[in-house]
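Participant: This is a predicted model, with the sequence first.
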Amino acid sequence: MFLSRAIGCGLLAATLFGGAAFADPPIRDVVTPAAPTKATPAPAVTGSLPPVVGKNITHVVKPGEDLYALGLHYKLAIEHFQWANNTTALSIPPGRKIIVPNQHILPAMLKDGLVINLPERGVYLFKNGEAVAFYPCAIGMGGRFATPVGDCKIISRQMYPTWSPPDWAGIKEPVPPGPNNPLGDRWIGLSMDGVGLHGTLDPMSIGQNASHGCMRMYPHVIRELFDRVKVGWPVKVMYDTVKVGISPEDRKIYVQVYPDVYGRVPDPLAVLKEKLARSGLLDLVDEARLKTLLANKSALPQLVLGDDIRIKVNGEPVTTSLAPFMKEGQIWASSDFLKALGAEMSFSAAEKSLVITRDGQEVHFQVGADGGEYTPRLWNGKSVLPVKPVLTALNLDFKYLPEHKTLLIYCADVNASI
């Protein structure tokens, strides 16, 4: 039988299940008061965007299952299910299909270590430069007990920790390891003053802003994470409510939005526009669409840019690093499609223009505010170009088949398979 979340909150107040602070060897449950902490900026996206990883799946709810049981099974928080399925309920009728939100845009990248995104209530484990696991967590309740952000490292790993209650707890004696210890049976201490990851006696609080500064985790999850990390590994604690990334599979651009639990992001539209601007793609996305995406509360990756348009040269499919897309009736594609045409591209600093050459022909596209509606955008070491003007200027035959979303390009004496 599962405790209701209301009962869990009562237990929280009665038994002081809070985030812990590290004292060697006992562990205290407090975060040292400090000046308000600003959010750690998301990773710079100067063209290169972080990847979208994982896949969402569908689960058919079985009799006796609720979101807490599914959270334990899939290693997700109740909130993750509620956001993704637009519900505030804990119980879901048997037979209903729900989304299991296993798809994420990485908030940052590390070689080995942890990235913790507070609004997401999530911990990413990195090994050898790859995100190998995502775990749910509870975070600080806010105000004095908001979980701090910044770069730190793992300084300790302790099994069966002792809890030294802080002054506000009203408990004078240390709490030894055992069933009444609010830290659970694992502690991963960070170099931030008084912060760590640990277990909990209130697993239904996972996903909430409920601790006194630390990151609580399901007991079975903290044990798994404990065995996979090392002292000395870097940890990045972030506050990123608006993530932008690119899918390696379909090469489309996505955004993922989370609740501003600490009220630190008054203008999420400005944040999203800044990230798209740094990647060179802002002018290609309608602002009304951005507002619609930000209003979506699912916390699932949502499509920003990219269509299911195929480009074929002499019948051979061409793969581009950014999925082609339609904007105001014009197909745009990243400039790597030029290779399939036997064309090359360079930049003329004197003319502030991109120069495309093929068979002795030169086509110039002005870059900057005066370039007009066909101004190329710089992105990830390449350009994003309007395809039709390029093909027309190069005197190439082409035809777009809207019913098949396929652009056919005819180009003699070229092997287009790239």
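Facilitator: Arrived safely, thanks for sending.
Participant: From here on, just use CA atoms for contacts and neighbour counts.
Facilitator: Will do.
Participant: just checking, residue 214 touches residue 140?
Facilitator: Yes: at 6.1 Å, residue 214 counts as touching residue 140 under the criterion of Cα atoms under 8 Å.
Participant: With neighbour numbers in mind, choose between these two.
Facilitator: residue 214 (30 against 24; other Cα atoms under 10 Å).
Participant: can you pull the pLDDT of the more buried one?
Facilitator: The pLDDT attached to residue 214 in the predicted structure is 93.
Participant: how near is it to residue 134?
Facilitator: 17 Å (Cα to Cα, to the nearest Å).
Participant: got it, and residue 57?
Facilitator: From residue 57 to residue 134 the distance is 15 Å (Cα to Cα).
Participant: One more: residue 173?
Facilitator: 36 Å.
Participant: Tell me which of the two has more neighbours.
Facilitator: Between residue 173 and residue 134, counted using other Cα under 10 Å, the more crowded position is residue 134 (21 against 9).
Participant: What helix or strand is the more buried one located in?
Facilitator: Assigned by DSSP states H and E, residue 134 belongs to strand 130-136.
Participant: Which elements pack onto whichever helix or strand comes after that strand?
Facilitator: Under the assignment DSSP H and E, the closest C-terminal helix or strand after strand 130-136 is strand 139-140. Strand 139-140 is packed against strand 209-211, strand 215-216, with contacts defined by 3 or more Cα pairs under 8 Å, 6 or more residues apart in numbering; DSSP states H and E.
Participant: Neighbouring strands of the strand holding residue 134 in the sheet, and parallel or not?
Facilitator: strand 122-127 (antiparallel) (DSSP bridges).
Participant: Show me what the partner strand is in contact with.
Facilitator: Residues outside strand 122-127 that contact it (Cα atoms under 8 Å, 6 or more residues apart in numbering) are 109-117, 131-137.
Participant: which one among these gets closest to residue 328?
Facilitator: Minimum distance to residue 328 across the contacts of strand 122-127 is 35.1 Å, recorded for residue 109 (Cα to Cα).
Participant: which SS state does that closest one fall under?
Facilitator: coil (DSSP: H, G, I helix; E, B strand; the rest coil).
Participant: right, and it touches residue 129 too?
Facilitator: Yes: at 7.1 Å, residue 109 counts as touching residue 129 under the criterion of Cα under 8 Å.
Participant: Quick check on these two: which one has the bigger neighbour count.
Facilitator: residue 109 (19 against 12).
Participant: which residues touch that one?
Facilitator: By Cα under 8 Å, 6+ apart, the residues touching residue 109 are 50, 115, 126, 129-131.
Participant: what comes up buried for the strand holding residue 134?
Facilitator: 131, 134-136 (16 or more other Cα atoms under 10 Å).
Participant: and if you look at stretch 164-173?
Facilitator: 164-166.
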